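> I would like the atomic coordinates for the input below:
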Amino acid sequence: MQYVIKADGEAVRFKKNKIKKTLLKAGASRELANFISNKIEHKFRKGMTTEQVLRYALKLLKKHKRPEVAYRYNLKRAIMSMGPAGFAFEEFISQLLKEYGYVTTTNNFLKGKNVDHEVDVIARKKLVGMVECKYHNHPGNKSDLKVAMYTYARFLDIKKRNKINYPWLITNTKCTNHAIRYSLGVKQKITGWLYPKGESLQELIVRKNLYPTTILGPVYGKIKDILSKNKILMCRDLINPDLKILRNSGIKDRDLKNISMQAKKICSF
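The predicted structure is shown next:
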């Protein structure tokens, strides 16, 4: 039995089928997914990390001229590169929730029973939710019990005065078992990486092709900052972007054409 080392140091069983399923979800053909998962299994050595497995898979995808699949396969890392402060992640979550029928506002300042609070996102549908966006930019970090308790404590302080119906913790990493158990116990909604099944963050993104702009290879440095400043955080918004705004912001036509072309490929799956 072979084990792969995760970013947090935990050793877990190496599963070729898991790699294959992830590749298929990213848009690889069954033939290509089989080929890459078999190559990884053949190359696998004791002590390999998930990061090494990821890099090798991305290398093979690009070698087979499927960069758009490579970008989608690298979704988790793309979200982690939104930072470092997390403001872009909060805006991204606000835009994502709008696609699921919520009316959202960001940068909310609310008076609580005891102290004032800055709430990342207020999400309104039938009920009103207080959304705490917990952003991590390092692989291996998890949202733990303290984060869950902190979110719920803030909810208790602001709920009556502001007519907030429920708390909602959304994070770009996995949640610990204690965080999940606590949230379930106090009826706090929790959305993380791989949780809950069918409604996890990556599933909400993939279901409606709401891929972040940071998933694109050409989005780097100054370009990423300009897009974020203009609240252009999803690839689909680059398919027919407001060229005047972006040109005035200093992005060259060559780069605009490049990222627009890549965005179309990402969102065509």
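> all helices for the stretch 151-269 of the chain, in order.
Under the criterion DSSP state H, counting those that start in this stretch, helices of the stretch 151-269 of the chain are mapped to 177-185, 201-207, 221-229, 243-248, 253-267.
> dump those to TSV, plus mean pLDDT, distance to residue 8 and mean neighbour count.
C-beta coordinates here come from the backbone N, C-alpha and C atoms, glycine included. Formatted as TSV, the helices of the stretch 151-269 of the chain follow (pLDDT from 0 to 100; distance: least, Cβ to Cβ, whole Å; neighbours: other Cβ atoms under 10 Å):
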stretch	mean pLDDT	distance to residue 8	mean neighbour count
helix 177-185	98	14	17
helix 201-207	94	18	17
helix 221-229	81	27	16
helix 243-248	75	38	13
helix 253-267	84	29	17
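> do you know which of the ones you listed lies nearest residue 166?
helix 177-185 (10.8 Å; Cβ to Cβ).
> quick one: neighbours of residue 150, just the number.
Residue 150: 13 surrounding residues under other Cβ atoms under 10 Å.
> for it, helix, strand, or coil?
Secondary structure, DSSP: H, G, I helix; E, B strand; the rest coil: residue 150 is helix.
> look up how far residue 193 lies from it.
Going from residue 150 to residue 193 by Cβ to Cβ, to the nearest Å gives 19 Å.
> can you map out the strands along the stretch 1-150 of the chain?
Remark: strands assigned in the stretch 1-150 of the chain by DSSP state E, counting those that start in this stretch are 3-5, 11-13, 103-111, 116-124, 128-134.
> of the ones you listed, flag the one that's most buried.
Neighbour counts (mean count of other Cβ atoms under 10 Å) averaged over each of those peak at strand 128-134, with a mean of 23.
> that one versus helix 177-185: what angle between them?
Relative orientation of strand 128-134 versus helix 177-185 (axes from the mean of the first three to the mean of the last three Cα atoms, to 10 degrees): 180 degrees.
> I'd like the average pLDDT over strand 128-134.
Mean pLDDT, strand 128-134: 97.
> partner strands of that strand, with direction?
Sheet pairing here is set by DSSP bridges, and for strand 128-134 it gives strand 116-124 (antiparallel), strand 166-171 (parallel).
> in PDB, list the C-alpha atoms belonging to the first one.
Just to be clear, that refers to strand 116-124. Output of strand 116-124 as PDB, limited to C-alpha atoms (Å, rounded to 0.1, in the frame of the first residue of the first chain):
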ATOM      1  CA  ASP A 116     -19.600  46.900  16.400                       C
ATOM      2  CA  HIS A 117     -18.800  44.300  13.800                       C
ATOM      3  CA  GLU A 118     -17.500  44.300  10.200                       C
ATOM      4  CA  VAL A 119     -19.300  41.500   8.300                       C
ATOM      5  CA  ASP A 120     -17.700  40.200   5.100                       C
ATOM      6  CA  VAL A 121     -21.000  39.500   3.300                       C
ATOM      7  CA  ILE A 122     -24.700  39.800   4.000                       C
ATOM      8  CA  ALA A 123     -26.600  37.300   1.900                       C
ATOM      9  CA  ARG A 124     -30.400  37.700   1.400                       C
END
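> residue numbering should commence at 14 henceforth.
With 14 as the first residue, the last one maps to strand 129-137.
> so what touches it?
103, 106-107, 110, 115-124, 141-146, 167, 170-171, 177, 181 (Cβ atoms under 8 Å, 6 or more residues apart in numbering).
> if you drop the residues flanking it in sequence, what lies closest to the residue most central in space within the chain?
Using Cα atoms, centre = their mean, the residue of the chain that lies closest to the mean C-alpha position is residue 92, 4.3 Å off. Leaving aside its sequence neighbours, residue 92 sits nearest to residue 185 (Cβ to Cβ, 6 or more residues apart in numbering; 4.7 Å).
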